[in-house]
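Enquirer: just coords:
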Ligand SMILES: Nc1ncnc2c1ncn2[C@@H]1O[C@H](COP(=O)(O)OP(=O)(O)OP(=O)(O)O)[C@@H](O)[C@H]1O
């Protein structure tokens, strides 16, 4: 999918675009999450560098979603730290973490079904508005300007993810694939430093998966950093710069895709999984 520079610029005009893989953006340090006696995440550490696409993979139940949830404030870590640009995120409420620059999509799509696609994106844009409620009520000039730019930016984001023609459709009437794209647009609307995607291609056929991977590359090329949970190894190999592998809550590998593919620990972790997932 081709995205013009103008569209990318309209989607996030204030963002500095820096596509070089650079410094540590996020540090996950000795993160542990326990549910009663079950250790879902066991002392896991990894970093995410600015500008990269990092894959987080592992067999069913390995702790991938738990890791996401602990990073984005859905679960409180039992111990360990999550740092964004050196600032501690632990203990912050979900919306504060979003505001700090960490946005996510969910494995199960969570859109406002009775709102249009554009309105769903506007909700994301709202998360970073600067005017107060009073400003909005009094319709101060700044609020009006923000409202106008919300429509323009919302449209640009819908175009960016390839669903601009559905801007006026109710989210619940969109195809499954378009709903997934809309979720990504809504997350991008918060102007994240890190975009976390939880199995964005779940339920897709191979052609749809390819399209989605192309979109993820476009997002990265536009200067975002991406953390991608994906079950399908083939898919993850084709799009990521680096991969962290979890098994039974522990990190068992952290390397470039070509090394991960040959790693005996990873191969054996995936034994017994459907062959499609490890190709
Ligand atoms: N809220 C919870 N309460 C209790 N146990 C949980 C909870 N969430 C996850 N778990 C357990 O933690 C472990 C890790 O689950 P998690 O969903 O993080 O794995 P996953 O790698 O994302 O798996 P999948 O690929 O199936 O989504 C599993 O044993 C799961 O049953």
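Expert: That came in fine, so what should we check first? None of the values given here were measured: they were computed from a predicted structure. Residues are numbered from 1 along each chain as shown.
Enquirer: which residues touch residue 157?
Expert: For residue 157, the contacting residues are 11, 121, 185, 188-189, taking CB atoms under 8 Å, 6 or more residues apart in numbering as the criterion. In short, each C-beta sits where N, CA and C put it, glycine included.
Enquirer: which residue packs closest to it, ignoring adjacent ones?
Expert: residue 185 (4.4 Å; CB to CB, 6 or more residues apart in numbering).
Enquirer: shouldn't that neighbour be within a strand?
Expert: No - assignment of residue 185 by DSSP: H, G, I helix; E, B strand; the rest coil gives helix, placing it outside any strand.
Enquirer: find me the pLDDT at it, would you?
Expert: Looking at residue 185, its pLDDT stands at 93.
Enquirer: so how far is residue 73 from it?
Expert: Using CB to CB, to the nearest Å, residue 185 is found at 22 Å from residue 73.
Enquirer: between the two, tell me which one has more neighbours.
Expert: Set side by side, residue 185 and residue 73 show unequal neighbour counts under other CB atoms under 10 Å, the larger going to residue 185 at 25 against 22.
Enquirer: all helices of the chain, in order?
Expert: 5-11, 64-71, 94-100, 117-126, 133-137, 141-160, 176-189, 206-221, 233-239, 257-262, 264-269 (DSSP state H).
Enquirer: the ligand is nearest to which of these?
Expert: Of all the helices of the chain, it is helix 64-71 that lies closest to the ligand, at 3.3 Å by CB to the nearest ligand atom.
Enquirer: got a list of contacts for that closest one?
Expert: Contacts made with helix 64-71 from outside it, assessed by CB under 8 Å, 6+ apart, are listed as 26, 28, 31, 33, 40-41, 44, 56-58, 74-77, 82, 89, 102, 104, 107, 196, 198, 227, 229, 246, 249.
Enquirer: got the residues of the stretch 51-200 of the chain near the ligand?
Expert: Contact residues (CB under 6 Å from any ligand atom) of the stretch 51-200 of the chain with the ligand: 58, 60-66.
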